[in-house]
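Chemist: Provided below for reference: sequence and predicted model.
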Amino acid sequence: MNLLELRNLHVAIEGKMVLRGINLDVPPGEVHAVMGPNGSGKSTLVQTLAGAEPYQVTDGQALFLGKDLLSRAPEERARQGLFLAFQYPVEISGLSNAYFLRASVNALNRARGEPELDAVDFLGVLRSELLAMEMKPELLERFVNHGFSGGEKKRNEILQMKLLKPRLALLDETDSGLDIDALKVVARGINAMRDRERGFLVVTHYQRLLDYVVPDRVHVLVNGRIVQSGDADLARLLEKRGYDWLLEPQRA
Amino acid sequence: MSTSNRQIESLLHQPYAAGFVTDIEQETFPPGLDENVIKQISRMKNEPDFMLEWRLAAFRHWLKIREPHWSIAHYEPIDYQAISYYSSPKSRKSGPTSLEEIDPKLLETYEKLGIPLHERAALAGVAVDAVFDSVSVATTFRETLARAGVIFCPISEAIQNYPDLVRTHLGTVVPPTDNFFASLNSAVFTDGSFVYIPKGVRCPLELSTYFRINAAKTGQFERTLIIADEGASVSYLEGCTAPMRDENQLHAAVVELIALEDAEIRYATVQNWYPGDESGVGGIYNFVTKRGECRGAHSHISWVQVETGSSITWKYPSCILRGDESVGEFYSVAVARNFQQADTGTKMIHLGRGTKSTILSKGISAGHGKNAYRGLVHLGRNARDARNYTQCDSLILGPDAEADTFPMIEVENGSARAEHEATTSKISDDQIFYCRQRGLSEEDAVGLIVNGFCREVFLKLPMEFAVEAQKLLSVSLEGAVG
Ligand SMILES: Nc1ncnc2c1ncn2[C@@H]1O[C@H](COP(=O)(O)OP(=O)(O)O)[C@@H](O)[C@H]1O
Ligand SMILES: [Mg+2]
């Protein structure tokens, strides 16, 4: 069974049609990259799948693990194993990062019928992941994403993915704004999670990340439609030629 | 309505759990206030003459002054002649009462509120004075305390049994002429707690007073006096609830704390008077004067308050830092939801050398709630090297809620320093969605954020109260305590 199946998905925001019929299958164990110019609808796609309120599905359907996804509340989707690494991670002042991380891990554990972790157990798990992501321990005591650099926010997203162990991870431009060292750390984090069960939908603007996280499939999203799909070579082609040659048939 | 607003709505509509009425025969004065009423109160309490004179002087002063209206709160004028100034359960005999003599209905009332008065059932390590309307109905663990030399009793008893102690200290921190509500209280106060900790004694138990308003159309005017002698220390907790009624009821208390050299007093309040209903009908007017004086060098007074109840709160627990190197602290969480109005804060009056104060105020406004922090930091001429640190944070939930801060700083000498920080934040839909994407429900998300916001203050509360405070905010405090 596919992890994700999208059929003719149409999404509008504030009355404006942004996605115009997306068809996409992500089988277990595969990494699919979604590339495309700014404003083509990449974030709209992953935000819609995660259940963000402003996005309205006007047509089509989405199945996650063979079941209808779109009728479910965002937290249910998360509890069933759907994870979104946000393009712009949200700051929550007043709430400590460590406390937030534990609350979310325990929310998922509860849903899966697994025991909840107390502060001490959790810290044990957290420490090794923190080390792997090369994050400063003080980032745990700060408020969620508060005063984090761009790179620290992105690492914090991948840290959460590693703690929450989703079935399908949607990564929205997790590579943007990272220097080469940070990019490698993030890529390592993603690769460490790859296995035969788990799937990834990696949204990226550049080919750079895909040198480290080699995708099984690459889809090009232009103007709300997938105009081209291929293997990892397509990403390299896009790097060389840009998106313009793909825009032409749209205009015709 | 956006998701976070929906969630906030449900937070707002929590029922008020302490809103029941105890059906008990009460002896209640007819409404009205004049010198005769005061004489009658004094007579009911078997007071010595000096006390009656003191009350009457306060009353005569009160008649000459006006109710203050500089706070953010708006309300219909209070008719002081429509209030009854004394109400007590009939079964209450005069003089000390043993638990066996107390009306079971009263015991049941406190049980229902989570305050068992039987010592075997009582919270370990906490002695309780239970004040029901105008009288104290029970004080637990008196013998244990007496062995340590600690006096913990209703103030009405202290006036009879320790008149000299009372006479020397009463009104020395909050004089009867201090302000309109303090004058009124001085004239008509009925009961409250009295604490004296002798030299060098650490009070072996937490002391606690639980105030309950039960009767309708009455005011509650309690008076608390706590004296920590040289090198003594005590931790004191205060809780309050009242039934749900459509009319507004006045609660005008005075609390005075006196810390002598090297003494320490920690005073914590979880104020949960009936806040009124969703449309702002009913609720307690909580007009309270609380002040502590660090009279001796190296003394320490700390106020912790969690203000969730009352329709109007007007309250500024303050510290006069007279002793050199003395320390004052104020930690506050104030919640205003539905149509609640909270105007609260503190005054830190630095008089002695090297005095230090810390102010941490967390205001939460929701629904049509209005919340204001009002503070004064005074660094006096002789307060060399005095330091203050103030932080005021406001959290606004929903489009109709309001938050204000009115911090004042007066610096009279160049070596003193005051630091002030303030933030205002809201819970956005983006934040709620981010939390939900991580598997948390809307309710959990709002709870986590509110709880995170209050955490620093909750950590200052004694354990039992931290738990109660958390329940009041309907948030999980798991992991935040201890
Ligand atoms: N919250 C929003 N409100 C209004 N318009 C939006 C919102 N999010 C996206 N859009 C619009 O939808 C289109 C697609 O945006 P987006 O999905 O963010 O593109 P990408 O991630 O590919 O850069 C853009 O025209 C953008 O302006
Ligand atoms: Mg985007």
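Modeler: Thanks, I have it. Being a predicted model, the structure only gives us computed values, none of them experimental. Numbering: from 1, shown residues only, chains lettered A, B, ... in the order given. Ligands and ions are numbered 1, 2, ... in the order given.
Chemist: close to ligand 2, is stretch A:183-202?
Modeler: No. For stretch A:183-202, no contact with ligand 2 is found by C-beta under 5 Å from the ion; the gap never falls below 12.6 Å. The C-beta positions use only the backbone N, C-alpha and C, and glycine is treated the same way.
Chemist: what's the offset of that stretch from the middle of its chain?
Modeler: 11 Å (C-alpha atoms, centre = their mean, to the nearest Å).
Chemist: quick one: the strands in the stretch 51-200 of chain A?
Modeler: A:55-64, A:67-68, A:82-85, A:92-96, A:143-144, A:168-172, A:199-204 (DSSP state E, counting those that start in this stretch).
Chemist: Revised request: answer the last question for the stretch 301-450 of chain B.
Modeler: Using DSSP E, counting those that start in this stretch, strands in the stretch 301-450 of chain B cover B:312-315, B:318-321, B:327-336, B:341-350, B:356-366, B:370-379, B:387-397, B:402-411, B:417-426.
Chemist: can you map out the strands along the stretch 1-150 of chain B?
Modeler: Using DSSP E, counting those that start in this stretch, strands in the stretch 1-150 of chain B cover B:26-28, B:87-89, B:126-132, B:135-139.
Chemist: between those strands, which gets nearest to B:Thr424?
Modeler: For these, proximity to B:Thr424 was assessed by C-beta to C-beta; strand B:126-132 is nearest, at 36.7 Å.
Chemist: Comparing the strands of the stretch 51-200 of chain A by mean pLDDT, which bottoms out?
Modeler: For the strands of the stretch 51-200 of chain A, the weakest mean pLDDT is recorded on strand A:92-96, namely a mean of 87.
Chemist: What is it packed up against?
Modeler: strand A:143-144, strand B:417-426, helix B:429-437, helix B:442-458 (3 or more C-beta pairs under 8 Å, 6 or more residues apart in numbering or on different chains; DSSP states H and E).
Chemist: With mean neighbour count and distance to ligand 2 added, can I get the ones you listed in TSV?
Modeler: Below are these laid out as TSV (neighbours: other C-beta atoms under 10 Å in any protein chain shown; distance: least, C-beta to the ion, whole Å):
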stretch	mean neighbour count	distance to ligand 2
strand A:143-144	24	21
strand B:417-426	14	24
helix B:429-437	24	15
helix B:442-458	23	24
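Chemist: Out of those, flag the one nearest ligand 1.
Modeler: Closest of those to ligand 1 is helix B:429-437, at 9.9 Å (criterion: C-beta to the nearest ligand atom).
Chemist: what about the closest one, near chain A?
Modeler: Yes. Using C-beta under 8 Å from any C-beta of the partner chain, we find that helix B:429-437 touches chain A at B:Asp429, B:Asp430, B:Gln431, B:Phe433, B:Tyr434, B:Cys435, B:Arg436, B:Gln437.
Chemist: what's the closest non-adjacent residue to the second one?
Modeler: Nearest-residue entry for B:Asp430: A:Val90, 4.9 Å, with adjacent residues in sequence omitted and distances by C-beta to C-beta, 6 or more residues apart in numbering or on different chains.
Chemist: Next, count neighbours for the one you found.
Modeler: Neighbours of A:Val90 under the rule other C-beta atoms under 10 Å in any protein chain shown: 17.
Chemist: contacting residues for whichever residue of the stretch 51-200 of chain A sits closest to ligand 2?
Modeler: Nearest to ligand 2 in the stretch 51-200 of chain A, going by C-beta to the ion, is A:Gln87, at a distance of 4.8 Å. By C-beta atoms under 8 Å, 6 or more residues apart in numbering or on different chains, the contact list for A:Gln87 reads A:Ser43, A:Asp172, A:Glu173, A:Ser176, A:Val203.
Chemist: Just want the angle from whatever helix or strand the first one lives in to strand A:199-204.
Modeler: Using DSSP states H and E, the element containing A:Ser43 is helix A:42-50. Orientation check (axes from the mean of the first three to the mean of the last three C-alpha atoms, to 10 degrees): helix A:42-50 against strand A:199-204 gives 150 degrees.
Chemist: contacts for helix A:42-50?
Modeler: So helix A:42-50 is contacted by A:4, A:9, A:11, A:13, A:18-19, A:22, A:34-36, A:55, A:57, A:62, A:64, A:69, A:74, A:77-78, A:82, A:84, A:87, A:170, A:172-173, A:201, A:203, A:221, B:437 (C-beta under 8 Å, 6+ apart).
Chemist: quick one: the residue of the stretch 1-150 of chain A found nearest ligand 2 and ligand 1, what's the gap?
Modeler: Closest to ligand 2 within the stretch 1-150 of chain A is A:Ser43: 3.1 Å, counting by C-beta to the ion. Going from A:Ser43 to ligand 1 by C-beta to the nearest ligand atom, to the nearest Å gives 3 Å.
Chemist: sorry, back to before: of the contacts of A:Gln87, which is the most crowded?
Modeler: That'd be A:Val203 among the contacts of A:Gln87, by other C-beta under 10 Å, with 26 neighbours.
Chemist: Tell me the one of the contacts of A:Gln87 nearest B:Ile312?
Modeler: Nearest to B:Ile312 among these: A:Ser43, at 46.8 Å, using C-beta to C-beta.
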